[in-house]
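Peer 1: here's my sequence, what's the structure:
(2 chains)
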Amino acid sequence: MSVAVAGYGLLDHGLAACDLTAMGVSVRVVVTDAAALATARQILVEELDRVDRACSRFRPDSELTALNQAGGRRVRISALLAEAIAVGLDAARASGGDVDPTLGMSLVRLGYDRDFAQLPPDGVAVAVSTWRGSRWTQVQLDRQAGTARLPVGVQVDLGATAKAWCADRAAAQIHDRLGCGVLVSLGGDISVAGQPPQDGWAIRVQDCPGPVRQPARARSAVVSIRGGGLATSSTAARRWRRGGQSMHHLLDPATGLPAVSVWRTASVTAPTCLAANVASTSAIVRSQQAVAQLRVEGLPARMVSHAGEVSVVNGWPQEATDDRR
Amino acid sequence: MNSREGRIVARAQGRRRLRAATVALAVTGVAGSAGLAFAAEQAASVSAASSPAATTSTTPTTRATGAIAGATPSAGAAATASASTGTTGRQSAKTTTSASTRSAANAVAPGTTTSAPVATTSGS
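Peer 2: Residues are numbered from 1 along each chain as shown, chains lettered A, B, ... in the order given. As a prediction, the model looks like this:
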């Protein structure tokens, strides 16, 4: 896995941060004890490397690639990949199948077949094929035996859950080993652990990706969290074109195509980043039904429509624009 | 999107509407994964450390709700609510959102702040 350190910085209130790029996304770790930053970064990089080796759909040497290419055979897998797949299947169960780890072939068919940074901006039109429907229930995972088997024609893509899960794991490990408060952000999937700063962890929620040092390019809000996780799913991120048609990476398992949603962006807080990510991804897929469902779940959320209108539910603060930009 | 893809999307949306109610996320279901025991521990610690602001439940905003079909807030969103799915061929589930689950979710409600942001989230 390629890891590039983009910079270190001391922040207000004694916080210290390190920025990296890894797994094709921007990564940030922030700690409440500046002396712990170097070790925290090392713990994070080691965890990223473990997860990437096990779960990357794009690495030819990853365990997941071997499983996806097994042609329906049972494959021996590590405990880590088994756990990652179990997490993906749990997410599918919990979301009623709206977050589906078996959409790898659909993503490939739509052109997302390599690291996003290496995707050509356009390509040949996507051929329409008969959609066989969701098949995550057909994945055979035996964690005790350490084996997995995919149905022929199915490829697992853990992109919906692996980053959030990894953020939770890394934050927990850093806190457990170093004792400080910590925030881990993997491409905007944010997990925090330990004692937070006095005012909580201030996080800018925005439509367009960008580092915290740069002003937001679109409407944004700053909120603080003291524990758990915050995740955002957006149809504005990771877009590409095929045959002139715009694609994005949040697929609707009912069609195998990019989800058609009234929402451009959904941000959710939950007791874990993983739970937040599952809810935010589900919200995009569920479209009009998302707000009602979030109310049932009780998860605080901020939803942005394609027109830029913001809706908040379950205690998410009324909009406060980021006037620091 | 061509016409055939459009029909596929329309059929899927129709099936989705047929569901009597969407399924609950069930935070407990996710956090209860054998591999995620730490998540439950984290949730417990979060609950204990939550700030007054983080436990305040506010009335959802009405902004933009005109565009949201079926998004009328229920009366207080009962502490225990069951949601069952229809039989549309999609994977269905029946889940109960318990009071403890809602409490855990409320404990991580974000607060307002005037501090400079230390991270951003925007989808990836």
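Peer 1: and chain A, what are its domain boundaries?
Peer 2: A:4-54+A:161-313, A:59-149 (automatic domain parsing).
Peer 1: how about these in a markdown table, adding distance to B:Ala109 and mean neighbour count?
Peer 2: For glycine as for every other residue, the C-beta is placed from the backbone atoms N, C-alpha and C. Converted to a markdown table, these look like this (distance: least, Cβ to Cβ, whole Å; neighbours: other Cβ atoms under 10 Å in any protein chain shown):
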| stretch | distance to B:Ala109 | mean neighbour count |
| --- | --- | --- |
| domain A:4-54+A:161-313 | 4 | 23 |
| domain A:59-149 | 20 | 18 |
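Peer 1: state the helix or strand in which the closest residue to A:Asp12 other than its chain neighbours lies.
Peer 2: In space, not counting the residues next to it along the chain, A:Asp12 is nearest to B:Ala116; the distance is 5.9 Å by Cβ to Cβ, 6 or more residues apart in numbering or on different chains. According to DSSP states H and E, B:Ala116 maps onto no helix or strand at all.
Peer 1: what's the burial count for B:Ala116?
Peer 2: Counted with other Cβ atoms under 10 Å in any protein chain shown, the neighbours of B:Ala116 add up to 15.
Peer 1: hmm, it is touching A:Leu11, no?
Peer 2: Yes. Using Cβ atoms under 8 Å as the test, B:Ala116 is close enough to A:Leu11 to be in contact (7.5 Å).
Peer 1: shared neighbours, those two?
Peer 2: Shared contacts of B:Ala116 and A:Leu11, defined by Cβ atoms under 8 Å, 6 or more residues apart in numbering or on different chains, are absent.
Peer 1: pLDDT-wise, which helix or strand of chain B ranks last?
Peer 2: Of the helices and strands making up chain B, the lowest-confidence element is strand B:81-84, at a mean of 26, by mean pLDDT, DSSP states H and E.
Peer 1: still on that earlier bit, let's have the domains of chain A in CSV, adding mean pLDDT.
Peer 2: As requested, the domains of chain A are arranged in CSV below (pLDDT from 0 to 100):
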stretch, mean pLDDT
domain A:4-54+A:161-313, 93
domain A:59-149, 92
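Peer 1: reformat those as a markdown table; add distance to A:Gln155.
Peer 2: Written out in a markdown table, the entries for those read as follows (distance: least, Cβ to Cβ, whole Å):
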| stretch | distance to A:Gln155 |
| --- | --- |
| domain A:4-54+A:161-313 | 12 |
| domain A:59-149 | 3 |
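Peer 1: so which of those domains gets nearest B:Ser124?
Peer 2: Checking the domains of chain A against B:Ser124 by Cβ to Cβ gives domain A:4-54+A:161-313 as the closest, at 3.3 Å.
Peer 1: next one: that closest one to chain centre, how far?
Peer 2: If you compare the mean C-alpha spot of domain A:4-54+A:161-313 with that of the full chain, they lie 7 Å apart, counting by Cα atoms, centre = their mean, to the nearest Å.
Peer 1: the longest helix along chain A near chain B at all?
Peer 2: For chain A, the longest helix by residue count, based on DSSP state H, is helix A:37-55. No. Looking at helix A:37-55 against chain B by Cβ under 8 Å from any Cβ of the partner chain, there are no contacts, and the closest approach is 12.4 Å.
Peer 1: who does whichever helix or strand comes after that helix touch, helix- and strand-wise?
Peer 2: Where DSSP H and E defines the elements, the next helix or strand beyond helix A:37-55 is helix A:63-68. For helix A:63-68, the elements it packs on are helix A:37-55, helix A:79-94, judged by 3 or more Cβ pairs under 8 Å, 6 or more residues apart in numbering or on different chains; DSSP states H and E.
Peer 1: mind giving me the packing neighbours of the first one?
Peer 2: Yep, that's helix A:37-55 we're talking about. Secondary-structure packing of helix A:37-55 (3+ Cβ pairs under 8 Å, 6+ apart): strand A:16-22, strand A:25-31, helix A:63-68, helix A:79-94, helix A:162-178, strand A:182-186.
Peer 1: recalculate using a threshold of 7 Å.
Peer 2: When contacts are defined as 3 or more Cβ pairs under 7 Å, 6 or more residues apart in numbering or on different chains; DSSP states H and E, helix A:37-55 sits against strand A:16-22, strand A:25-31, helix A:63-68, helix A:79-94, helix A:162-178.
Peer 1: do the same with the last one
Peer 2: In terms of contact count using 3+ Cβ pairs under 7 Å, 6+ apart, helix A:79-94 is assigned the packing partners helix A:37-55, strand A:140-142, helix A:162-178, helix A:273-286, helix B:27-31.
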